[in-house]
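Engineer: from the sequence below, what's the structure:
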Amino acid sequence: MTLSANAWGAHDPAQLIVLFHGYGSSGEDLLSLAPDLAIKLPDALFIAPDAPYKIPDQPMGYQWFDLQDRSLEAIKQNIDQARAPTHEWLDSLQKTYPNCPLGVLGFSQGGAVALDIGLARSCAAVVALSSFYVEIPTPHAHPAPVWMGHGNQDDVVAPQALPLSLAALNKAGISADGKHYPGVAHHTSPEMISDARDFLSKHLIAIGSLQAEKEV
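Structural biologist: Okay, the predicted model is just below:
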């Protein structure tokens, strides 16, 4: 399955950052974050795919997996719907940009997918905003570090999802940190995006520097 995607940023990129949108949204919507993220990553290419599935009765909305049943057990089962098409699409993308370290960022349902996909493959950094972690069956041998941001007034994904997710990630041996944002509901904030940008730039630029040293 080929995912449709929008792109913004460098034509000859040094880093590749994939943005996974939330339920009912689209890649074009989340790509609006790219100019702010690029302040510290001016050489990055930002790519935001549309999720593989349309939502019934929402012709402009996409979903990574079925959310009719929002119980944890159903989500654990249904998130598998996103894995094959997303990994396949990323495999093709990384063949096009083989020398670019990869970072992934997702919001809400897209954050769960960013964690699921990013931790299962070679990746420099994973960011999940207003989201949650679902235990993945086979993490990468050297999983990427994770950062999560969450509004403490979120009425869609409960704020307690943040400490629960961080605890589960750390228990699995994955380096993970995060932060609550006072007064923020189910959306991003300038401070949240600034912190996400700092995390991505720190890890992506570090990986790029190591690769450059090896080539010398």
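
Engineer: pLDDT at residue 135, what is it?
Structural biologist: If you check residue 135, the pLDDT there is 89.

Engineer: checking it next. Helix, strand or coil?
Structural biologist: The three-state assignment at residue 135 reads coil, by DSSP: H, G, I helix; E, B strand; the rest coil.

Engineer: what of residue 70?
Structural biologist: On the three-state scheme (three-state DSSP), residue 70 is labelled coil.

Engineer: wait, residue 105 sits on residue 20?
Structural biologist: Yes. In this structure residue 105 lies within contact range of residue 20 using Cβ atoms under 8 Å: 7.2 Å. (Each C-beta comes from the backbone N, C-alpha and C, glycine too.)

Engineer: between these two, which contacts overlap?
Structural biologist: 111, 114 (Cβ atoms under 8 Å, 6 or more residues apart in numbering).

Engineer: just the helices in the chain please.
Structural biologist: For the chain, helices defined by DSSP state H occupy the ranges 27-30, 34-37, 72-78, 80-96, 109-118, 161-171, 190-215.

Engineer: residues near residue 70, how many?
Structural biologist: 12 (other Cβ atoms under 10 Å).

Engineer: quick check: it vs residue 108, distance?
Structural biologist: 12 Å (Cβ to Cβ, to the nearest Å).

Engineer: and the most centrally placed residue in the chain, what does it touch?
Structural biologist: Centroid-nearest residue in the chain, with Cα atoms, centre = their mean: residue 105, separated by 2.6 Å. The contact partners of residue 105, by Cβ under 8 Å, 6+ apart, come to 17-20, 33, 37, 111, 114, 126-129, 196, 200.

Engineer: beta partners of it?
Structural biologist: Beta bridges link residue 105 to residue 19, residue 127, judged by DSSP bridges.

Engineer: look at it and report its pLDDT.
Structural biologist: Value listed for residue 105 in the pLDDT field: 98.

Engineer: and the one 3 residues further on, by the same measure?
Structural biologist: In this prediction, residue 108 carries a pLDDT score of 98.

Engineer: contacting residues around the residue nearest to it when sequence neighbours are not counted?
Structural biologist: Spatial nearest neighbour of residue 108, excluding adjacent residues (Cβ to Cβ, 6 or more residues apart in numbering): residue 22 at 3.4 Å. Counting by Cβ under 8 Å, 6+ apart, residue 22 touches 30, 106-111, 130.
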